[in-house]
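# coords please:
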Amino acid sequence: MTVVRALTRHIPSTFTQALARTTPAQPIDVADARYEHLVYRQALVACGVEVTVIVADLACPDCVFVEDTAVIADGLALITRPGAPSRQPETPAIAEALATACEIVRMDAPATLDGGDVMRVGRVFYVGRSARTSEAGIAMLERTFAPRGYQVVPIVLPADVLHLKCVVSPLGGDTILLADASLSPALFGGLRIIRVPRDETYAANAVAIGEHVIVAQEFPRTQDAIAAAGFTLHPVPTIEVRKADGSLTCQSLLY
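Reported below is the predicted structural model:
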């Protein structure tokens, strides 16, 4: 039986300084954010995942968003170079934490890539070309994983989309969750698409483990659509993490 593991990272007290495209109407409540993260980790455990939590770094307000720091497949971890310079110091701790379980490859400057721009479906990596992920970063991803039989499919993102997985995420097999009016379904030809209503776009980011899906609890129509497709739901609160442009996949590295 394959064991699914997740690497996560605690939220620092400096989380109030995390990057955000817009200033939230209400400041981040760190205590509430930590509660949300606890519920998230508990949901991972309920999905059968072995969860590891590493310490936060006060110098890295965004360090809870570990997904952006690595892309992992087949026992190999590409340690990325995040597109926001303030986030690049997050990666050494991630590389150290993964070193006992994965072969480590490090991305070199000037390439940049955020893991939130990378969606794996089977042997295909769909990769968003965004403000955080460069052509050089995509090329490095392809050089790393193509020898292992992976195809890389770049997708140019609209300027208002931070990461690819802000609007689309994998649900296992050939099924994806896609926000209406975000990206053309034709980009994902052949895949089964579960649609997310436009006014619930945030909920297009979900974490799937087998038949279990961790979803944002504030979006009932998306939950109904996922449940109707036969998945078991694990709703979690996301109010505080959303203030830092965070979502669900970005809080863990599954391997």
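# From now on I want contacts and neighbour counts done on CA atoms only, so please keep to that.
Fine.
# For Arg195, which non-adjacent residue is spatially closest?
Leu178 (5.3 Å; C-alpha to C-alpha, 6 or more residues apart in numbering).
# wouldn't that neighbour be in contact with Val168 here?
Yes: with contacts counted by C-alpha atoms under 8 Å, Leu178 reaches Val168, the gap being 4.5 Å.
# what is in contact with these two at once?
Residues touching both Leu178 and Val168 (C-alpha atoms under 8 Å, 6 or more residues apart in numbering): Ala204.
# Check whether Gly116 really touches His163, as I assumed.
Yes: judged on C-alpha under 8 Å, Gly116 makes contact with His163 at a distance of 5.5 Å.
# These two: which has the busier surroundings?
Higher neighbour count among Gly116 and His163: Gly116, with 29 against 25, using other C-alpha atoms under 10 Å.
# mind listing what that one touches?
Gly116 neighbours (C-alpha under 8 Å, 6+ apart): 67-68, 163-166, 249-250.
# let's go with 10 Å and repeat that
65-71, 82, 127-128, 132-133, 162-166, 169, 205, 246-247, 249-250 (C-alpha atoms under 10 Å, 6 or more residues apart in numbering).
# Check Glu142 too.
So Glu142 contacts 125, 136, 148, 150-153 (C-alpha under 10 Å, 6+ apart).
# After the helix or strand that Ala31 is a member of, which helix or strand is next?
Following DSSP states H and E, the helix or strand that holds Ala31 is helix 30-46. With elements assigned by DSSP H and E, the helix or strand that comes after helix 30-46 is strand 50-54.
# Neighbouring strands of that next one in the sheet, and parallel or not?
strand 5-9 (parallel) (DSSP bridges).
# where does the protein have low pLDDT?
For the chain, the stretches flagged by pLDDT under 70 are 1.
# all helices of it, in order?
Here the chain has its helices, by DSSP state H, at 30-46, 91-98, 135-145, 220-228, 239-242.
# I'd like to know which elements the last one is packed against.
The reference is to helix 239-242. Helices and strands touching helix 239-242, by 3 or more C-alpha pairs under 10 Å, 6 or more residues apart in numbering; DSSP states H and E, are helix 30-46.
# which of the residues in the helix holding Ala31 are buried?
By neighbour count on 16 or more other C-alpha atoms under 10 Å, the buried set for helix 30-46 is 30, 33-34, 36-37, 39-44.
# Can you check what angle separates that helix from strand 50-54?
Orientation check (axes from the mean of the first three to the mean of the last three C-alpha atoms, to 10 degrees): helix 30-46 against strand 50-54 gives 150 degrees.
# How far off centre is helix 30-46?
16 Å (C-alpha atoms, centre = their mean, to the nearest Å).
# Quick check: Ala56 touching Ile94?
No: Ala56 is beyond contact range of Ile94, at 11.1 Å (criterion: C-alpha atoms under 10 Å).
# joint contacts of these two?
Contacts common to Ala56 and Ile94, judged by C-alpha under 10 Å, 6+ apart, are 8-9, 63.
# Which one of those sits in the busiest neighbourhood?
The shared contacts of Ala56 and Ile94, ranked by neighbours (other C-alpha under 10 Å): first place Cys63, 30 neighbours.
# measure that residue to Arg143 for me?
27 Å (C-alpha to C-alpha, to the nearest Å).
# so what's the spatially closest residue to Glu90 that is not a sequence neighbour up against?
With C-alpha to C-alpha, 6+ apart as the criterion, Glu90 has its nearest non-adjacent residue at 6.0 Å, and that residue is Cys63. With contacts defined as C-alpha under 10 Å, 6+ apart, Cys63 is in contact with 8-12, 14-15, 18, 55-57, 69, 87-91, 93-94, 251.
# Now Cys63, what are its backbone angles?
phi -60, psi -20 (degrees, to the nearest 10).
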